[in-house]
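Quick one, fold the following:
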Amino acid sequence: MLAACASPTPYQAADGSRRGFEEQQIETNRFRLSFEGNSLTDRETVETYLLYRAAELTVEQGFDYFTVVTRATDEDTRVTASGFGSPYYSAFPVHYSYYHPRWGWHGWRDPFWDDTRYRETTRYEASAEIFLGRGTKPDDPSAFDARDVIANLSDDIVRPEPG
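Have a look, this model is predicted:
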C-alpha cells in the first residue's frame with residue numbers, strides 16, 4: 001500500500017479506492033470521462049491521461065474521432081501538519097505543565113519544544129464530456145482523430161506495474 005503512494009497515479013481504471021479514470025455512457029455516442037491523480041501526479045499528466053482515455057474509448061466503441069463538448073480540471077490543495085506540534089502527535093504521551101516565575105504557567109505546547117512541519121499537497125481531476133463520431137474528423141479545434149491521439153500520446157502513458 002505504501003509503495004502505491006510513492007509514485008504518480010498510473011494510467012488505470014479507478015477501482016474502489018484507487019485513483020485513475022472513470023467513464024459513464026450518456027447516450028450511444030456520448031460519454032462523460034474523468035481522471036483523478038494522487039498528489040504526485042501533475043496537472044499535465046492528468047489531462048494527458050484523460051485525452052488518451054477518450055481516444056482509447058472512441059476506438060473501443062468502433063468510432064473514428066471524438067469531439068470534446070465540455071472540459072474542466074479541478075484542483076484540490078490541502079495543507080497538513082506533522083511533527084511534535086501537530087495536534088495528532090505528541091512527543092510526550094503525558095501532558096505536562098510547569099510554572100516559571102517570570103512567565104507563569106505553561107502547558108505542554110511550548111514554542112521551544114514544538115516542531116511542526118507543514119506540507120502542501122495538490123491533487124488534480126480532469127473531466128470531459130465527449131461526442132463520438134465516424135468517418136472524417138470535422139474541421140473543428142475540439143475534434144480529435146482517436147488513432148492519431150493514441151499514436152502521439154502512447155509514449156507518455158505509464159501503466160501500473162504488474163503484481
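
Report the helix or strand with the lowest average pLDDT across the chain.
Here the helix or strand of the chain ranked lowest by mean pLDDT, DSSP states H and E is helix 2-5, holding a mean of 48.

packing partners for the longest helix along the chain?
Under DSSP state H, the helix in the chain containing the largest number of residues is helix 43-60. Judged by 3 or more CB pairs under 8 Å, 6 or more residues apart in numbering; DSSP states H and E, helix 43-60 is in contact with strand 21-27, strand 30-36, strand 65-83, strand 116-133, strand 143-145, helix 146-153. Where you see a C-beta, it was placed from the backbone N, CA and C, and this is true even at glycine.

and for the shortest one, what are the contacting residues?
Under the criterion CB atoms under 8 Å, 6 or more residues apart in numbering, residues 51, 54-55, 64-68, 133, 137 lie in contact with strand 143-145.

Closest one of the residues you listed to V79?
Relative to V79, the closest of those is L51; by CB to CB it sits at 30.3 Å.

Mind exporting the C-alpha coordinates of stretch 35-54 to PDB?
The C-alpha coordinates for stretch 35-54 follow below in PDB (Å, rounded to 0.1, in the frame of the first residue of the first chain):
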ATOM      1  CA  PHE A  35      -9.200  11.000 -14.500                       C
ATOM      2  CA  GLU A  36      -8.100  11.700 -10.900                       C
ATOM      3  CA  GLY A  37      -4.500  11.600  -9.900                       C
ATOM      4  CA  ASN A  38      -2.800  11.500  -6.500                       C
ATOM      5  CA  SER A  39      -0.700  14.300  -5.000                       C
ATOM      6  CA  LEU A  40       2.300  13.200  -7.000                       C
ATOM      7  CA  THR A  41       0.500  13.300 -10.400                       C
ATOM      8  CA  ASP A  42       0.900  16.700 -12.100                       C
ATOM      9  CA  ARG A  43      -1.800  18.500 -13.900                       C
ATOM     10  CA  GLU A  44      -0.400  17.900 -17.400                       C
ATOM     11  CA  THR A  45      -0.300  14.100 -16.800                       C
ATOM     12  CA  VAL A  46      -3.900  14.100 -15.500                       C
ATOM     13  CA  GLU A  47      -5.100  16.000 -18.600                       C
ATOM     14  CA  THR A  48      -3.000  13.800 -21.000                       C
ATOM     15  CA  TYR A  49      -4.400  10.600 -19.400                       C
ATOM     16  CA  LEU A  50      -8.000  11.900 -19.900                       C
ATOM     17  CA  LEU A  51      -7.400  12.700 -23.500                       C
ATOM     18  CA  TYR A  52      -5.800   9.300 -24.100                       C
ATOM     19  CA  ARG A  53      -8.700   7.500 -22.400                       C
ATOM     20  CA  ALA A  54     -11.100   9.500 -24.700                       C
END
